[in-house]
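**Student:** Sharing a model that was predicted from the sequence below.
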Amino acid sequence: GEDVEQSLFLSVREGDSSVINCTYTDSSSTYLYWYKQEPGAGLQLLTYIFSNMDMKQDQRLTVLLNKKDKHLSLRIADTQTGDSAIYFCAEPMDTGRRALTFGSGTRLQVQP
Amino acid sequence: DTEVTQTPKHLVMGMTNKKSLKCEQHMGHRAMYWYKQKAKKPPELMFVYSYEKLSINESVPSRFSPECPNSSLLNLHLHALQPEDSALYLCASSQDGQGAWDTQYFGPGTRLTVL
C-alpha cells in the first residue's frame, strides 16, 4: 500500500461521536491499524482489525471495514477533550514486509 | 508491558557532530524499526531489523547508520547531518516482522534538531 488517504481535519463537540475515515490501497492487507498521536508524542496503537471482519468494537471505539471499497473508519463514541490528537490509519507495506504505510493523518479537535 | 523506550527525548546537534539515538524494548520482540516523521506528515520507514539482521533499508543516506547490538536494543548513529534531517525519529518493535498478526508498538520518539 502506497497511498493511504485520510481527510485532514475533523472538529466535533465534546460528547458527540467522531468518525474518521481512511481509504487504503492494498486489498491483500490482512490487518489494518489505527494509531493515535498526541502533540509531541509517539504513536499509540489504538486498535486493529483483521481483514475477515467487518466490524470490531472496543469500548468507545468502533472500527468498520468495507473491503470492497477498501474503506476503513474509526468511530469514537462520547468524544472527550482528551481524544484531541492526530489519528493515523496504517496498513502493512506489502506481503513481503511488515513495516507500515501510514495515511496522512486526521487531526481531531474536540470543542468543550 | 508494551513499552518501547527511546533516549534522548530531544537532541540538538550541529552538522559536524556525531550522535546516537537509542531504543530499547523488553517485550521479547525480534523485529525493530526506525521511522522518520517530519512535521505535519505521517511516519516514513527508514530501517527494519529482524532477528538482529538488517532486512530493509529504505534508501536512507549513509549519514544515518543503524545498529542492532542485541534483540532488545536498536541504535541510530548520526554523522554529518543536514538541517533537513530535523524530525521526530520513532522506534518501533514487533514480534518477529514475519506474520500477518505482527503488530508494531512505538516509542515516544526523539525530536532531533540539526543546526
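**Tutor:** Yes, it's here.

**Student:** Show me what secondary structure element comes after the worst-scoring helix or strand of chain A on mean pLDDT.
**Tutor:** The helix or strand of chain A with the poorest confidence is strand A:97-102; it has a mean of 79 (mean pLDDT, DSSP states H and E). Downstream of strand A:97-102, the next assigned helix or strand under DSSP states H and E is strand A:106-111.

**Student:** Name the residues of that following strand that come out as buried.
**Tutor:** Residues of strand A:106-111 classed as buried by neighbour count (16 or more other CB atoms under 10 Å in any protein chain shown): A:106-108, A:110. (Each C-beta comes from the backbone N, C-alpha and C, glycine too.)

**Student:** Now tabulate the residues you listed in TSV and tack on pLDDT.
**Tutor:** Formatted as TSV, those follow (pLDDT from 0 to 100):
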residue	pLDDT
A:Thr106	97
A:Arg107	97
A:Leu108	97
A:Val110	97
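
**Student:** For the closest residue to B:Asn57 other than its chain neighbours, give the beta-bridge partners.
**Tutor:** Distances taken as CB to CB, 6 or more residues apart in numbering or on different chains place B:Phe47 nearest to B:Asn57, at 5.7 Å, with adjacent residues excluded. Following DSSP bridges, B:Phe47 is listed with bridge partners B:Trp34, B:Asn57.

**Student:** Count residues in the vicinity of B:Phe47, would you?
**Tutor:** 23 (other CB atoms under 10 Å in any protein chain shown).

**Student:** Quick one: find the helix or strand in chain B with the lowest mean pLDDT.
**Tutor:** When each helix and strand of chain B is scored by mean pLDDT, DSSP H and E, strand B:53-57 comes last, with a mean of 87.

**Student:** Heading C-terminal from that strand, find the next helix or strand.
**Tutor:** Downstream of strand B:53-57 (by DSSP H and E), the next one is strand B:64-70.

**Student:** Quick check: buried residues in that following strand?
**Tutor:** Quick answer for strand B:64-70 (16+ other CB under 10 Å): B:64, B:66, B:68.

**Student:** can you give me the helices in chain A?
**Tutor:** Taking DSSP state H, chain A contains no helices at all.

**Student:** Run the chain-centre distance for the longest strand along it.
**Tutor:** As assigned by DSSP state E, the longest strand anywhere in chain A is strand A:85-94. Centroid separation for strand A:85-94 versus its chain: 7 Å, with CA atoms, centre = their mean, to the nearest Å.
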